[in-house]
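Trainee: I'd like to go over a predicted model; first the sequence, then the structure.
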Amino acid sequence: MRIACIGTGEIGASWVALFMTGTHEVTAWDPAPGWQDRLVAALDRYEPQLQELHLPIVRTRLRLCATLAEAVAEAELIQENAPEQIDLKRALVREIASLAPLDSIIASSTSGLLPGDIARDIPNPGRLLVAHPFSPPHLVPAMEIVGTPEMPRERLEAAVELYRSIGRQPIVVSQAIPGFIGNRLQAAMFREAFHMIAADEATMEEIDSIIKSGPGLRYGISGPCEAQLGWVDRPEAPGEINEEKWSILMDSDWSRLPGPPLTNALRDLLVRNSWQRTQRGSPTTHGRSG
C-alpha cells in the first residue's frame, strides 16, 4: 500500500520507521520547520532497534514531501499524528479528506479522542478510524483499532490486515469509549501509584520495581481477567468466582478506586465471557458489534 504519515514527532517518526520495514511506499509531511532533519535523526536511532527484531528499514521507500497535498495525493492509508487537541485534529482531518483519494483510510493516532468526534466535519466519516499505538509503535506490537459507526467492515478489516503486515497486533475495540481500553487501565494504575507517592506510602522506585518484576511479567502471559477468573488455570470451570478473593480485591480499602459489586448480572457476564474464550482460544482481535 501507499501510506502517508502526517506529523513526524515522537509517535509519527516511530510509525514512519515501522512502515518502512514493510513492502509499503511511505510519504511523510509535518508543518513544523526542520522536521526533515529531526525525522532522519529519529530513523537513525530506531534503525538498530528494528534490525535487532529482523525488521530492516528500507530508506528508498520513504519520500519527504513539501506539502500535505503532495504527501496524501496517492495514499491509501493516512496515519495522522497531530497533537491531542480535538480542534486541531478536526481541522487537519478535514484538510486531509479534501486532498486524499476518496477511498483512502484516515487513521488517527489519538490516545483517547473518539473517532466520531474527530470525523465530525468530513463528508464521509466512514473513512476514519482510530489506530491508537502504545509508545513507541515501532517496538510495542499492541494497538487499538476503533472505527466510526459509519465505517464499513471491509474497510476496517483492510486496516487491520495492513497493521498486521508490519508486525503489529491490532485489537479491534468493540465500543468507542474515551481513552479506549489500554489507557483507561493504565490511568487507574497511575492514579493509585501517585496517590501512594503523595501520601508517602511508597517510593517511585518501589512501585516501578514491583511492577517490572511482578505483575508486569505475569500480564505478559495472562491478562488480569485470565489471572483472576482462572481461564488459564481452571479451563474446566472458566469464570468461577472466588467470592472471598473478590471481596478482598474489590471491597477492601486497598485502593482509592471503588470496585464494582459482585451482582448476579456481573457474575453471569463474567462466566459467559469466560466460556466463550475457552471455545475460541485467547483472542488478539475482538469483533465489532453492529
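Mentor: That came in fine, so what should we check first? Residues are numbered from 1 along each chain as shown.
Trainee: From the rest of the structure, what touches stretch 191-210?
Mentor: 255-257 (C-beta atoms under 8 Å, 6 or more residues apart in numbering). Any C-beta I mention is one placed from the backbone N, CA and C, and that applies to glycine too.
Trainee: most neighbours, which of those residues?
Mentor: residue 255 (13 neighbours; other C-beta atoms under 10 Å).
Trainee: Now that residue: closest residue in space that isn't a chain neighbour?
Mentor: Sequence neighbours aside, residue 192 is the residue nearest to residue 255 in space, at 5.9 Å (criterion: C-beta to C-beta, 6 or more residues apart in numbering).
Trainee: go on, residue 65?
Mentor: With C-beta to C-beta, 6+ apart, the residue lying closest to residue 65 is residue 71, at 4.0 Å.
Trainee: Skip ahead from the helix or strand where that neighbour lies and say which helix or strand is next.
Mentor: In the assignment (DSSP states H and E), residue 71 maps to helix 68-72. Following helix 68-72 in sequence order, the next helix or strand is strand 77-80 (DSSP H and E).
Trainee: now the following helix or strand past that next one: mean pLDDT?
Mentor: Later in the chain than strand 77-80, the nearest helix or strand by DSSP H and E is helix 86-99. Helix 86-99 shows a mean pLDDT of 97.
Trainee: what packs against helix 86-99?
Mentor: helix 68-72, strand 77-80, strand 105-108, helix 115-118 (3 or more C-beta pairs under 8 Å, 6 or more residues apart in numbering; DSSP states H and E).
Trainee: looking at the ones you listed, which is closest to residue 270?
Mentor: Each of those has some distance to residue 270 by C-beta to C-beta; the shortest is helix 115-118, at 28.4 Å.
Trainee: sorry, back to before: with the contacts of stretch 191-210 in mind, which one is nearest to residue 83?
Mentor: residue 257 (28.7 Å).
Trainee: list the contacts for that closest one?
Mentor: Taking C-beta under 8 Å, 6+ apart, we find residue 257 in contact with 188, 191-192.
Trainee: For those, pick the one with the most neighbours.
Mentor: residue 192 (16 neighbours).
Trainee: So which bits of the strand or helix carrying that one are buried?
Mentor: Using DSSP H and E, residue 192 maps to helix 182-198. Under the neighbour-count criterion of 16 or more other C-beta atoms under 10 Å, helix 182-198 has 182-183, 192-193, 196 buried.
Trainee: ok, of the residues you listed, which one's closest to residue 263?
Mentor: Closest to residue 263, out of all of the buried residues of helix 182-198 and judged by C-beta to C-beta, is residue 192, at 23.9 Å.
Trainee: Next, the angle from the helix or strand hosting residue 209 to helix 182-198.
Mentor: Secondary structure assignment for residue 209, by DSSP H and E: helix 204-213. Interaxial angle of helix 204-213 relative to helix 182-198 (axes from the mean of the first three to the mean of the last three C-alpha atoms, to 10 degrees): 140 degrees.
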